[in-house]
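>>> Next come a sequence and a model predicted from it.
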Amino acid sequence: MPDNLYVPIPVRVQSVRVESDDRTLRTFDLAFGDDTEPFEYLPGQFCQLSILGKGEAAFGIASSPTERESLRFTVNRVGTVTTALHYLKEGEELGLRGPLGNHYPVEKFKGQNVVLVGGGFAFTTLRSLAAYLLANRSDYGDITVIYGARRPGLLLYRDELAEWEKRGDIEVHLTIDQPAAGWDKAVGFVPTVTEKIRPSPKDAWAVVCGPPVMIKYTMPVLLDLGFAGDRIYTSLERRMKCGVGKCGRCNIGPRYVCTDGPVFSYAELASLPERF
Amino acid sequence: MSSSLRIAKQDMDQLVSALTSRYRLFGPVDVDGATVLREVKSADELALDAALDGPVKAAFFPQTEMLLSYDGTTSEPPPGRDKPTAVLGVRPCDARSLLLLDKVFGTGKYRDSLWQRRHDDSLIIGLGCGTPLETCFCNSMNLGPFDSQGSDIMLTDIGDAFLAESCTDKGERFLKAAYKSQVQRPSQADLDKAGQVRGKALESLAPAADFSGVKAALATLWDSALWDEVALGCLSCGACAYLCPTCHCFDVQDETAPGTRQGRRVRIWDTCQSALFTKEASGHNPRLSAKERIRQRVMHKFSYFVDNFGEAACVGCGRCIRMCPADFDVRLVLERVKAEERRTKNEERETTKGVRHAG
């Protein structure tokens, strides 16, 4: 981080693509500017993307540090900053502050099985994690992905999911909320599908990312399957401004999501009030 | 080695000019009947008798502060400062608040250089409180009206003069440099007078309340109906946060000049009492009602800050009581927190007894 914590570094849009069939999600691959040093990061960390004149917003990094060429973010268009981001074209410049926050404990996962449970457009940092695990495949045991969205067109990174499905070294379970024409995979909410798949808790860690209601109903399923509270991780979102523990708005009890998180274990969260 | 000297009130100009030649000086100034912190150039601007209506933090963490300026897609950090900052007439509560804020901005993984460049080489000239107000409760927050923590030099008003005492090496060096050999040493009568002023101030404060159990009590009262009741009397206006010497929350906004792409990104004091404070772009708001917000305010000050920094984020200045348009009194809330914990505990004891009898 530079001396002034609030000054973003310049980055450039390398490529941009529409991610969802309703066009509310776009994925940006960003390149560091000519004068900026690429930074080190780990899956689960986030950045503040900044459009001067519009403001800043926090986004989980969707690329893996093993993909050296660019940083990936998927942006849902909801407010002022995200709308401005959606107007960015290839080659245009924006600001970035980061990497911020903690990360998934990939060191602890070594030699163990990892179960990734995702819902909707919160799949970004899980994509980072999956890509990281696959890039270091021999360090990890079985990798299972359970990922759901309302309908097929809202699943992120569909081409890549299709590639993973073809690989023999990662188990992918996709689900949608309602039956849809041409969909021959699971139908049902993520917690229910997880219950059916019954991932084994033996030598395993679970990482859950999704809308609050999905997290709320998936946690008990994993606990019932036998995952210990300190072996289930999730990533939280809160409105943020500074991203560095000063502006005071992203706290959950005494912990700040920006600096103590965004990654927390279920055991850590169980001791905090107002967590979901 | 601390030194003390007598500064006649008619000679305050000498002190102020010594300060302004080395520092950017702030002090209490009367503006339309309110005592506010302003940059000061001469002694006759100072209003040292009345307690400041606003917090001294403004000299180090301005209400609106530029984080960067921009033109199109290029940004510049804010310009450097020329002189270090000094504040004259800082009451002990405000002086201590700076130590608390320094924990937030100046420690941990991320250090806030905008705070540090103002705060770290600053000079704080404290002024003891000879006449504490009814709303003052510094003595309940492990502080006193003549406490020197956070001050480099401490002044005591002894009538026609101030007794000035250095409390740090920095304060000592300043006094030596400013007064050289022309120091007027205080007489025994001056020292006696200062002792009387301090004694009277202590006597005039209400007895200290014991808030030591508040944190433990709060831990049991997350779901208590107490918060509904406290919230009923709150307008969520946030005046308490803007006047609080330890509140550090801020918003970040971009201000662009109309018709251009030039502007500045600023941080602005913000308040957790505003519904917008935590409202997310999706519309989701983790603190939807006044109850959740007032609970956050009390919890942050008396529980979370203690968890993170070892002490409460309150110095007993009483501004939030004095200025609240709805008569919110944090002292009473803390007393109710303690009482509510006792009541709940007793009820539990009764219930257990009942069960035992029934069994």
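Happy to help now that I have it. This one's a predicted model, so the numbers in the text were calculated from it and none came from an experiment. Residues are numbered from 1 along each chain as shown, chains lettered A, B, ... in the order given.
>>> ok, the single nearest residue of the stretch 151-276 of chain A relative to chain B - contacts?
Taking C-beta to the nearest C-beta as the measure, the stretch 151-276 of chain A has A:G248 as its residue closest to chain B, at 3.4 Å. In this view, the C-beta of every residue, glycine as well, is placed from N, C-alpha and C. For A:G248, the residues meeting the contact criterion (C-beta atoms under 8 Å, 6 or more residues apart in numbering or on different chains) are B:248-250, B:270, B:272, B:300.
>>> Could you export these as TSV, including secondary structure?
Written out in TSV, the entries for these read as follows (DSSP: H, G, I helix; E, B strand; the rest coil):
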residue	secondary structure
B:H248	coil
B:C249	coil
B:F250	strand
B:D270	coil
B:C272	coil
B:H300	helix
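>>> quick check, the residue of the stretch 151-276 of chain A closest to chain B in a helix?
No: applying three-state DSSP, one finds A:G248 to be coil, outside a helix.
>>> Of the contacts of A:G248, which is the nearest to chain A?
Closest approach between those and chain A, by C-beta to the nearest C-beta: B:C249, at 3.4 Å.
>>> Report the spatially closest residue to that closest one, excluding sequence-adjacent ones.
For B:C249, the nearest residue in space outside its immediate sequence neighbours is A:G248; the separation is 3.4 Å by C-beta to C-beta, 6 or more residues apart in numbering or on different chains.
>>> The one you found and A:V263: what is the separation?
In this structure, A:G248 and A:V263 are 20 Å apart, going by C-beta to C-beta, to the nearest Å.
>>> mind checking the SS state of B:E340?
helix.
>>> what about it, distance to chain A?
Using C-beta to the nearest C-beta, to the nearest Å, one gets 17 Å for the distance from B:E340 to chain A.
>>> Have a look at chain B and report the helix or strand with the lowest mean pLDDT.
Sorted by mean pLDDT, DSSP states H and E, the helices and strands of chain B end with helix B:330-358, the least confident at a mean of 82.
>>> Figure out how far that helix is from the centre of its chain.
Put simply, helix B:330-358 sits 33 Å off its chain's centre (C-alpha atoms, centre = their mean, to the nearest Å).
>>> buried sites along it?
B:330-331, B:333-334, B:336-338, B:340-341 (16 or more other C-beta atoms under 10 Å in any protein chain shown).
>>> So which of these is the closest to chain A?
B:V337 (15.3 Å).
>>> Contact partners for that closest one?
Contacts of B:V337 were listed using C-beta under 8 Å, 6+ apart, and they are B:214, B:217-218, B:221, B:226, B:298.
>>> What of B:V315?
Taking C-beta under 8 Å, 6+ apart, we find B:V315 in contact with B:93-94, B:96-97, B:100, B:138, B:141, B:143, B:245-246.
>>> do the helix or strand containing B:L218 and chain A meet?
Counting by DSSP states H and E, the element that carries B:L218 is helix B:214-219. No: when contact is scored as C-beta under 8 Å from any C-beta of the partner chain, no part of helix B:214-219 falls within range of chain A; the minimum is 9.6 Å.
>>> next helix or strand past that helix?
Stepping forward along the backbone from helix B:214-219, the first helix or strand reached (DSSP H and E) is helix B:226-232.
>>> Pull out the buried positions in that next one.
Under the neighbour-count criterion of 16+ other C-beta under 10 Å, helix B:226-232 has B:226-227, B:230-231 buried.
>>> got it, and stretch A:143-151?
Taking 16+ other C-beta under 10 Å as the basis for neighbour counts, the residues of stretch A:143-151 that come out buried are A:143-149.
>>> and the residues you listed as TSV, adding secondary structure and distance to chain B?
Converted to TSV, the buried residues of stretch A:143-151 look like this (DSSP: H, G, I helix; E, B strand; the rest coil; distance: C-beta to the nearest C-beta, whole Å):
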residue	secondary structure	distance to chain B
A:I143	strand	30
A:T144	strand	29
A:V145	strand	25
A:I146	strand	23
A:Y147	strand	20
A:G148	strand	18
A:A149	strand	16
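>>> That concludes my questions; thank you for your assistance.
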